[in-house]
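**Student:** Sequence and predicted structure below; questions after.
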Amino acid sequence: MNFKIRSSFSLGILVSLCFGLKGQTPNINVPYSFQFYQKLNKSVYDRNTRFHSSIKGYYEDDSLLKNRFDSLMKAGTDSLNHRSWVRRKITEEHLLNFDGDDFKVYADFLPDFQIGREFSEKKQTWLNTRGFQIGGKVGDKFSFYTNGFENQAVFANYITEFVDTRKVVPSQMNGKLGNRIKDWAYVTALLSFTPNKHLNFALGYDKNFIGDGYRSMLLSDVAANYSFFRVRASLGQVTYQTIFGYMLDPGAPKLTNDKRLGDRGKWAAIHYVDWNATNRFSIGFFQAITWADAEVEGKRGFDFNYIHPFVFLRPIEGSNTSSPDKMRLGINTKYEVLDKTTIYGQFMIDEFTAKEFFGNKGYWANKWALQIGLRGSDLFKVEGLNYLAEFNTARPYTYSHFDRMSNYAAMNQPLAHPLGANFREILGMMNYSYKRFDFQGQLMYARYGLDPEGFNYGKDIFKPYGTRVSDYGNSIGQGIKTNLYFAEGRVSYLLNPKYNLRIELGGVYRKESNTISKSTGLVTFGLRSTFRNLYQDF
């Protein structure tokens with residue numbers, strides 16, 4: 001690596017700035033869904049508080065969110081309790097509830113049934129998902145949550161092409177995907193323990209997200225679930241999070257013909273410090289390192305050099321002069337310019353050589369990614385009208401490495417932006433809620449460079465950067481210049497807020513054009529539930 005950064009600073013230096021101030025780390029996790037989290041905007045982006053908005057998921061028992069969260073969960077509730085048992089279960093309660101003196105458990109059936117029409121191919125699409133969720137808490141310090149889904153589907157053509165190429169369903173898992181009808185399973189689990197108001201420990205098979213935008217150039221929920229152990233520590237206006245994750249790479253070359261060993265795995269150590277310097281301004285420092293669980297030379301496993309939760313890792317990684325590990329550094333900022341308007345941004349450095357960077361010669365190893373965005377609520381003084389405008393870009397070969405086992409990806413999907421690298425993207429989103437109705441729209445345009453057969457221009461992060469086309473003269477969008485246009489609209493009627501059960505009508509238009517043009521027009525209708533992001537805007 002070409003980083004010349006050798007400074008290591010501990011969490012203690014940062015928290016000492018705020019020592020003596022009161023912090024709190026609540027316990028009950030809210031599964032991350034951009035659609036639902038939008039409804040929390042007024043509480044999250046409030047100039048009168050200092051909420052750590054970039055660290056997701058949030059907690060429903062956070063004192064800054066509790067009132068807003070509870071009101072959303074009570075949408076349409078009959079306070080007089082005149083509704084029948086059946087109607088209450090369909091429209092306002094969990095299917096099963098068990099309450100004791102010091103525990104609470106709930107369970108729900110989670111359907112996701114959709115039928116659609118793809119007009120360009122005159123093709124019928126459908127999704128048949130049967131799922132469940134179980135959650136609850138024991139006392140005030142321990143909570144748990146799990147869900148699971150069994151799925152069959154016929155997708156729109158561009159999603160089918162993705163599945164056939166990557167051997168994984170977008171944002172989900174692999175399975176029996178070789179036929180026209182795709183069949184796969186998906187599960188999530190999280191155990192959360194809060195021993196005191198300053199610490200939270202979580203053991204999960206889930207995703208994590210860092211940032212204030214719709215996308216994240218640092219860590220997003222685009223990829224499949226992975227196993228992790230997470231620690232969050234809060235003191236004053238500083239929150240520190242460290243994640244140790246284990247991820248699978250089914251596309252990596254096998255080291256043996258013994259199929260009983262399964263897919264190859266990789267490890268990740270991800271540290272993030274977020275400081276709310278003022279009520280308006282916050283800044284966060286990010287660091288992630290990835291390494292293979294095993295190489296041709298033998299099994300390596302977890303590297304305990306990276307277990308220290310309060311030390312940034314670059315000096316440790318750099319102490320191994322022949323290290324095969326990959327380090328990435330980043331920064332996340334937010335400034336609340338108006339009462340309900342926030343600007344935010346991210347910058348991630350994958351590799352950096354100052355001499356080459358300022359030489360402006362398009363050196364391949366100056367790899368970085370950038371995000372700039374604006375978001376807010378109650379646009380035009382219309383309560384519940386949320387908006388977001390965002391620009392994202394990443395230079396060629398960003399997030400890749402000389403070995404795909406240490407690239408920034410999991411389960412054949414990027415851990416940051418779904419387009420990988422070598423792109424520019426601009427997108428806008430609006431969401432409006434009125435009583436039980438939700439309206440959401442998205443427009444997106446991206447420009448990127450695809451690879452001709454046998455070449456590597458830097459978009460595909462799974463290709464080793466040793467196969468690059470040139471050391472110099474690299475620029476964003478190089479390769480087969482491609483334009484992507486994407487528009488989506490959804491209208492839904494909320495039936496039950498407890499598990500986001502809703503009737504939803506949606507439409508998608510997608511066009512990808514270079515030397516040829518491929519377009520998709522899709523309309524879907526269905527009964528849907530759960531809080532999760534399943535991306536199809538790529």
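**Tutor:** Sure, I can see it. Owing to the predicted nature of the structure, the values given are computational and were not obtained by experimental measurement.
**Student:** Send me stretch 328-347 as CSV with only the CA atoms.
**Tutor:** Output of stretch 328-347 as CSV, limited to C-alpha atoms (Å, rounded to 0.1, in the frame of the first residue of the first chain):
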residue,chain,number,x,y,z
ARG,A,328,-9.1,1.7,3.4
LEU,A,329,-9.5,5.1,5.2
GLY,A,330,-12.5,7.4,5.0
ILE,A,331,-14.3,10.4,6.5
ASN,A,332,-18.0,11.2,6.9
THR,A,333,-19.3,14.7,7.6
LYS,A,334,-22.7,16.3,8.2
TYR,A,335,-23.8,19.9,8.6
GLU,A,336,-27.4,20.9,9.4
VAL,A,337,-27.6,24.2,7.5
LEU,A,338,-31.2,24.9,8.3
ASP,A,339,-33.8,23.6,10.8
LYS,A,340,-34.8,20.7,8.5
THR,A,341,-32.0,20.7,5.9
THR,A,342,-28.7,18.8,6.1
ILE,A,343,-25.7,18.6,3.8
TYR,A,344,-23.5,15.5,4.1
GLY,A,345,-20.5,13.9,2.4
GLN,A,346,-18.0,11.1,2.4
PHE,A,347,-14.5,10.6,1.1
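**Student:** List the buried residues of it.
**Tutor:** Neighbour-count burial for stretch 328-347 flags 328-330, 332-334, 336, 340-347 (criterion: 16 or more other CB atoms under 10 Å). Quick note: C-beta positions are derived from backbone N, CA and C, even for glycine.
**Student:** now the helices for the stretch 201-350 of the chain?
**Tutor:** Here the stretch 201-350 of the chain has its helices, by DSSP state H, counting those that start in this stretch, at 314-318.
**Student:** pLDDT below threshold where in it?
**Tutor:** Across the stretch 201-350 of the chain, the ranges flagged by pLDDT under 70 are 260, 308-323.
**Student:** And the strands in it?
**Tutor:** For the stretch 201-350 of the chain, the strands defined by DSSP state E, counting those that start in this stretch cover 209-210, 226-235, 238-249, 264-276, 281-292, 294-295, 298-299, 326-338, 341-351.
**Student:** who's in contact with the spatially most central residue of the chain?
**Tutor:** Nearest residue to the geometric centre of the chain (CA atoms, centre = their mean): residue 221, 1.9 Å. The contact partners of residue 221, taken as CB atoms under 8 Å, 6 or more residues apart in numbering, are 32, 171, 207, 208, 209, 533.
**Student:** do residue 357 as well
**Tutor:** By CB under 8 Å, 6+ apart, the residues touching residue 357 are 363, 366.
**Student:** change it to 10 Å
**Tutor:** Counting by CB atoms under 10 Å, 6 or more residues apart in numbering, residue 357 touches 2, 349, 363, 365, 366, 368.
**Student:** same check, this time on residue 300
**Tutor:** 267, 291, 292, 293, 294, 324, 325.
**Student:** Neighbours of the fourth one, how many?
**Tutor:** By that I understand residue 293. By the criterion of other CB atoms under 10 Å, residue 293 has 18 neighbours.
**Student:** Equivalent analysis for the first one, please.
**Tutor:** Counted with other CB under 10 Å, residues neighbouring residue 267 total 21.
**Student:** and what of residue 229?
**Tutor:** 13.
**Student:** Please report the distance of it from residue 208.
**Tutor:** Residue 229 sits 11 Å away from residue 208 when distances are taken as CB to CB, to the nearest Å.
**Student:** okay, and the common contacts of the two?
**Tutor:** 202, 243, 245.
**Student:** pLDDT score for residue 60?
**Tutor:** Among the per-residue scores, residue 60 shows a pLDDT of 92.
**Student:** same check, this time on the one 4 residues further on
**Tutor:** For residue 64, the model assigns a pLDDT of 90.
**Student:** Ends of stretch 268-284, what's the gap?
**Tutor:** Stretch 268-284 has an end-to-end distance of 19 Å (CA to CA, to the nearest Å).
**Student:** Stretch 49-61 now?
**Tutor:** Start-to-end span of stretch 49-61 (CA to CA) is 16 Å.
**Student:** Likewise for stretch 216-226?
**Tutor:** 17 Å.
**Student:** got it, and stretch 52-69?
**Tutor:** One end of stretch 52-69 sits 16 Å from the other (CA to CA).
**Student:** and what of stretch 372-386?
**Tutor:** End-to-end distance of stretch 372-386: 18 Å, with CA to CA as the criterion.
**Student:** Which parts of that stretch count as buried, going by neighbours?
**Tutor:** Neighbour counts using 16+ other CB under 10 Å place 372, 373, 374, 375, 376, 377, 378, 384, 385, 386 of stretch 372-386 among the buried residues.
**Student:** tell me the contacts of the closest residue in space to the fifth one that isn't next to it in sequence?
**Tutor:** Taking CB to CB, 6 or more residues apart in numbering as the measure, residue 376 lies nearest to residue 341, with 4.0 Å between them; neighbours along the chain are not counted. If you count contacts by CB under 10 Å, 6+ apart, residue 341 has them with 45, 47, 335, 374, 375, 376, 377, 378, 379, 387.
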